[in-house]
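Q: Predicted structure and sequence below. I'll ask about it afterward.
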Amino acid sequence: MTVAVVLYTSDLRVHDHPPLRAALDGAQEVVPLFVRDPAVDRAGFAAANRLAFLADCLVDLDRALGERGGRLVVRKGDTVSEVRALVRQTEADEVHLAGGVTAFARAREERLRKVLEEDGCRLYVHDGVVDVVPPGDVTPQGSDHFAVFTPYYRRWAGEPLRTPLSAPREVRVPTGVRSERMPRRSGIADVSPGLAAGGESEGRKRLASWLTAHGDAYEQRHDDLAGDVTSRLSPYLHFGAVSALEAVQRARKRGGAGAEAFVRQLCWRDFHRQVLAARPGAAGADYRPRHDRWRRGAGAEADLAAWREGRTGYPVVDAAMRQLAHEGWMHNRGRLLTASFLTKTLYIDWREGARHFLDLLVDGDVANNQLNWQWVAGTGTDSRPHRVLNPVLQGKRYDPDGVYVRRWVPELAGLGAPAVHEPWRLSGLDRAAYDYPDPLIGLSDGLERFRRGRGTS
Ligand SMILES: Cc1cc2nc3c(=O)[nH]c(=O)nc-3n(C[C@H](O)[C@H](O)[C@H](O)COP(=O)(O)OP(=O)(O)OC[C@H]3O[C@@H](n4cnc5c(N)ncnc54)[C@H](O)[C@@H]3O)c2cc1C
């Protein structure tokens with residue numbers, strides 16, 4: 001019997017899965033493996049919401065493989081040692097894995113390659129599993145990556161794409177391979193109460209129903225905070241429960257301006273991945289240093305705590321921060337305006353905000369989170385790095401009826417729009433009726449402090 005191992009990482013699905021397909025083509029038996037590696041926890045990425053979503057994904061993957069005669073093998077420990085032990089036990093001659101872009105994923109790949117070579121086993125790293133167009137496939141002249149989105153998008157959109165692969169009919173797993181028990185969401189503490197259910201089945205249902213219900217309206221309504229009509233596919237894409245390439249192909253098949261706008265957003269995901277692949281250090285260091293003198297000390301700490309807890313006194317900022325705590329997810333417009341508020345109005349280091357997002361976001365992703373934070377902070381790829389979003393205008397524009405604010409900030413439930421976006425303007429007794437804080441800082445004072453700190457005033 002020939003045996004191959006498929007090492008699952010951020011690709012927890014059976015549909016459109018090139019490593020699984022290649023393993024099944026090359027071997028009679030396959031071990032689908034997922035390793036819970038404590039090194040990932042130590043790196044600070046084991047947030048409760050993501051662990052809960054991951055548990056759902058693993059259970060669903062095990063079920064999908066079970067329907068095909070197989071199962072998922074789960075191990076705990078150092079990934080490289082676990083793969084090696086399994087290869088030795090099953091006498092596998094191939095290991096298949098999706099390519100990653102983080103420094104962690106790259107180092108793991110290198111270690112695996114070395115160790116497996118010693119055992120005479122081949123490692124196949126597959127591109128285009130997690131992304132649509134792999135990093136490095138499109139580059140500008142004279143550079144290893146695009147630093148500006150629009151020219152990247154033009155090239156990316158013209159790339160020929162493969163047809164999504166169907167799920168295999170049969171997966172035969174060798175007998176006698178030990179597995180840990182499947183983790184369960186119910187065993188994980190501190191999960192956000194409104195966290196979505198994970199798994200490939202759930203993700204595929206969502207993709208299909210969202211394209212039908214909201215695909216056409218996406219272009220006009222993607223910024224409508226209360227309408228909530230974006231796909232909410234980000235956690236499924238983060239864990240690879242849905243293939244980004246299949247999402248693009250299905251949206252294109254549907255056609256129309258809404259579907260194309262959705263595809264463009266998926267391109268942002270690849271854009272950040274190709275930046276991180278070329279500059280792994282950008283996960284923590286400024287991509288374009290602006291010589292910021294970020295605020296530190298007790299005042300900054302108190303402001304940061306108020307921001308985290310959703311009590312800055314700016315209703316739309318607080319609404320979005322509370323949505324994050326409750327759902328482990330936040331609308332993109334909310335992410336933009338809360339990040340701008342922290343890094344510019346409060347002039348606090350983007351890394352503090354990115355850390356808090358990673359602690360809570362179910363889709364928390366090194367490439368997308370860190371590089372979007374840098375984009376907003378102006379240390380990343382934004383061509384207008386010093387722009388500051390005004391949270392009052394943002395609230396009035398993207399939540400004109402105040403529905404989103406009242407949904408998440410119940411203290412202000414009695415206020416209509418536009419007053420709900422500026423409760424400090426109420427006078428005397430009217431203001432006193434609302435148990436809601438005054439703004440941490442006036443917007444023009446915040447703007448001046450930011451310009452001084454950054455040296456642009
Ligand atoms: C400060 C900040 C932090 C962010 N952190 C993350 C993160 O950790 N993980 C994450 O997946 N996204 C992150 N984003 C990007 C974006 O906000 C989310 O992908 C989006 O809100 C998810 O909702 P959705 O699936 O309904 O998106 P849709 O609008 O339906 O878009 C479809 C898909 O396109 C991708 N996408 C959309 N916008 C972006 C973007 N700006 N950058 C990269 N990909 C995008 C996502 O995969 C998304 O699921 C962040 C944005 C900001 C401003």
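A: Sure, I can see it. Computed from a prediction, not measured in an experiment: that's the story for all the values here.

Q: how close does the residue nearest to A244 when sequence neighbours are not counted sit to the ligand?
A: Once flanking residues are discounted, A244 sits nearest to V132: 5.0 Å by CB to CB, 6 or more residues apart in numbering. For every residue, glycine as well, the C-beta is placed using N, CA and C. Note on V132: its distance to the ligand, by CB to the nearest ligand atom, to the nearest Å, is 10 Å.

Q: Burial check on V132, number of neighbours?
A: Neighbour count for V132, taken as other CB atoms under 10 Å: 22.

Q: Assign it to helix, strand or coil.
A: coil (DSSP: H, G, I helix; E, B strand; the rest coil).

Q: Make sure it is actually in contact with D270.
A: Yes - between V132 and D270 there is a contact under CB atoms under 8 Å: 5.5 Å.

Q: Residues that sit against both of these two, list them.
A: Contact criterion CB atoms under 8 Å, 6 or more residues apart in numbering; residues shared by V132 and D270: 156, 244.

Q: Run a quick neighbour tally on G455.
A: Other residues within reach of G455, judged by other CB under 10 Å, total 10.

Q: picking up where we left off before, wait, what's in contact with the residue nearest to A244?
A: 156, 161, 244-245, 248, 266-267, 269-270.

Q: Leaving out sequence neighbours, find the closest residue to the one residue in the stretch 51-200 of the chain that gets nearest to the ligand.
A: The nearest approach of the stretch 51-200 of the chain to the ligand comes at F149, 9.4 Å away (CB to the nearest ligand atom). Spatial nearest neighbour of F149, chain neighbours left out: F271 (5.4 Å); criterion: CB to CB, 6+ apart.

Q: centre of the chain versus the longest strand along the chain, how much separation?
A: What stands out as the longest strand in the chain, according to DSSP state E, is strand 29-36. What separates the centre of strand 29-36 from the centre of its chain is 24 Å, taken as CA atoms, centre = their mean, to the nearest Å.

Q: and after that strand, which helix or strand comes next?
A: Using DSSP states H and E, the helix or strand that follows strand 29-36 towards the C-terminus is helix 38-42.

Q: State the mean pLDDT of that next one.
A: On average, the pLDDT along helix 38-42 is 87.

Q: how much space between the closest residue to E411 other than its chain neighbours and A419?
A: In this structure, E411 finds its nearest non-sequential neighbour in Y436, 4.5 Å apart by CB to CB, 6+ apart. Using CB to CB, to the nearest Å, Y436 is found at 12 Å from A419.

Q: what do you get for P140?
A: Applying CB to CB to P140 and A419 gives a distance of 49 Å.

Q: Also A259?
A: Counting by CB to CB, the gap from A259 to A419 is 38 Å.

Q: who has more neighbours, these two?
A: Shown here are A259 and A419; by other CB under 10 Å, A259 has more neighbours (20 against 15).

Q: what residues are up against the more buried one?
A: 211, 215-216, 218, 251-252.

Q: Ok, W424 next?
A: Contacts for W424 (CB under 8 Å, 6+ apart) come out as 313, 431, 438-439.

Q: Any idea how many residues pack against L211?
A: L211: 20 surrounding residues under other CB under 10 Å.

Q: That one contacts V248, correct?
A: No - between L211 and V248 there is no contact under CB under 8 Å: 11.5 Å.

Q: tell me the domain ranges of the protein?
A: Domain assignment for the chain by automatic domain parsing gives 3-129, 131-160+200-278, 298-454.

Q: Looking at these, which is nearest to V171?
A: Set against V171 and scored by CB to CB, these come closest in domain 3-129, at 3.3 Å.

Q: can you map out the strands along this structure?
A: So, for the chain - with DSSP E - the strands run 3-8, 29-36, 73-76, 94-98, 122-126.

Q: Highest mean neighbour count out of the ones you listed?
A: Neighbour counts (mean count of other CB atoms under 10 Å) averaged over each of those peak at strand 3-8, with a mean of 26.

Q: Restrict the helix ranked longest in the chain to CA atoms and write it as CSV.
A: Using DSSP state H, we find that the single longest helix of the chain is helix 257-278. What follows is helix 257-278 as a C-alpha-only set of coordinates in CSV (Å, rounded to 0.1, in the frame of the first residue of the first chain):
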residue,chain,number,x,y,z
ALA,A,257,-21.4,44.9,-10.3
GLY,A,258,-22.1,43.5,-6.9
ALA,A,259,-20.3,40.3,-7.5
GLU,A,260,-17.3,42.1,-9.1
ALA,A,261,-17.1,44.4,-6.0
PHE,A,262,-17.0,41.3,-3.8
VAL,A,263,-14.3,39.8,-5.9
ARG,A,264,-12.3,43.0,-5.6
GLN,A,265,-12.5,42.6,-1.8
LEU,A,266,-11.2,39.1,-2.0
CYS,A,267,-8.3,40.6,-4.0
TRP,A,268,-7.4,42.7,-0.9
ARG,A,269,-6.9,39.5,0.9
ASP,A,270,-4.4,38.3,-1.6
PHE,A,271,-2.8,41.8,-1.8
HIS,A,272,-2.0,41.7,2.0
ARG,A,273,-0.8,38.1,1.7
GLN,A,274,1.7,39.0,-1.0
VAL,A,275,3.0,42.0,1.0
LEU,A,276,3.5,39.8,4.1
ALA,A,277,5.1,37.0,2.1
ALA,A,278,7.7,39.5,0.8
